[in-house]
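In: Sequence first, then the predicted structure:
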Amino acid sequence: MTFQTINLGSAPNDGTGDDLRTAGGKINTNFDLLFSKVDIDLATTEAAGLMSAADKAKLDIALTETSGEELTAKAASVAADEVLIFDSEDGNAPKLVPAGTFAAALLAQNAQTGTAYTLGADDVGRGVTMASDAANTVTIPAGDAIPVGAVINVVQTGTGVTTVAGAAGVSVNGADAGSVTIAAQWQGVSLWKVGADAWVASGAFA
């Protein structure tokens, strides 16, 4: 099966082009071919390990299909709290992810009142506030609990000086177990994990 080209004729209404029925048949054939190619591509993607079988099954149901001369939508089994994305870090593989994933665009707060706090995976995409009136330290842990690419903001909301320090083996701005001190109350730093135990800190330093 190959794509069909509709003959438009040499001039408007000269009777040399395809009639409506023939043109419609070619359109239906083209849609059939299009959707068959989509199915093949998805099967290849699954076979290559770029998409899980469960996600492929959900996406298959969400696709539309041709039926005679109508284009009807299949009932989608994709959960209401899931959205389809194409992961640019995984060869643009299609994936179904929780809609809540995009809640990270809203900066949630993790309010701390003590003098010591160690960052965790739950802080990714959040703002950690340090409200202590005594000197306090925020520690960046070693290991892969926080994924590469993560961004965490730290803000000093109390009068106590806040220091952000890397644990042993963690480099901050190129310094092993490096640290930065926030300049003043209501100032902050942004921390970006750029590699395994490697972080870049930017912002208001003392």
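Out: Okay, I see it.
In: so residue 17, which of the three states?
Out: When classified by DSSP: H, G, I helix; E, B strand; the rest coil, residue 17 comes out as coil.
In: is it true that it touches residue 5?
Out: No - with contact defined as CB atoms under 8 Å, residue 17 does not reach residue 5; the gap is 11.0 Å. Any C-beta I mention is one placed from the backbone N, CA and C, and that applies to glycine too.
In: So if I had to pick from the two, which one is more boxed in?
Out: Counted by other CB atoms under 10 Å, residue 17 and residue 5 do not tie: residue 17 has more neighbours, with 15 against 9.
In: So for the more buried one, what pLDDT did the model give?
Out: Note on residue 17: pLDDT of 88.
In: lowest-pLDDT helix or strand in the chain?
Out: Here the helix or strand of the chain ranked lowest by mean pLDDT, DSSP states H and E is strand 70-73, holding a mean of 39.
In: so what's the closest residue to residue 25 other than its chain neighbours up against?
Out: Of all residues not flanking residue 25 in the chain, residue 4 sits nearest, at 7.9 Å (CB to CB, 6 or more residues apart in numbering). For residue 4, the contacting residues are 25-27, 29-30, by CB atoms under 8 Å, 6 or more residues apart in numbering.
In: If you count contacts, what does the lengthiest strand in the chain end up packed against?
Out: Secondary structure of the chain read by DSSP state E shows that its longest strand is strand 187-195. The contact analysis (3 or more CB pairs under 8 Å, 6 or more residues apart in numbering; DSSP states H and E) places strand 187-195 against strand 151-156, strand 198-203.
In: And the first one, what's buried?
Out: Yep, that's strand 151-156 we're talking about. 152-156 (16 or more other CB atoms under 10 Å).
In: what do you get for stretch 157-168?
Out: Of all the residues in stretch 157-168, those buried under the rule 16+ other CB under 10 Å are 157-158, 160-164, 166.
In: for stretch 115-127, same thing?
Out: 117, 119, 123-127.
In: between those, which is nearest residue 181?
Out: residue 117 (15.2 Å; CB to CB).
In: low-scoring pLDDT stretches of the protein, where are they?
Out: 1, 35-106 (pLDDT under 70).
In: So which residues of it form helices?
Out: 20-47, 53-62 (DSSP state H).
In: Count the neighbours of residue 109 for me.
Out: Neighbours of residue 109 (other CB under 10 Å): 12.
In: Wait, it touches residue 126, no?
Out: Yes - with contact defined as CB under 8 Å, residue 109 reaches residue 126; the gap is 6.7 Å.
In: one step back: neighbouring strands - and their directions - for the longest strand of the chain?
Out: Sheet pairing for strand 187-195, assigned by DSSP bridges, gives strand 151-156 (antiparallel), strand 198-203 (antiparallel).
In: In TSV, list the ones you listed along with distance to residue 182.
Out: Listed next are the strands paired with strand 187-195 as TSV, based on distance: least, CB to CB, whole Å:
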stretch	distance to residue 182
strand 151-156	4
strand 198-203	7
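In: Quick one: closest of the ones you listed to residue 184.
Out: With CB to CB, the closest approach to residue 184 among the strands paired with strand 187-195 belongs to strand 151-156: 7.3 Å.
In: if we can go back for a sec, pick the one among the buried residues of strand 151-156 closest to residue 193.
Out: Once CB to CB is applied, the member of the buried residues of strand 151-156 that ends up nearest residue 193 is residue 152, at 8.2 Å.
In: Good, we can wrap up now.
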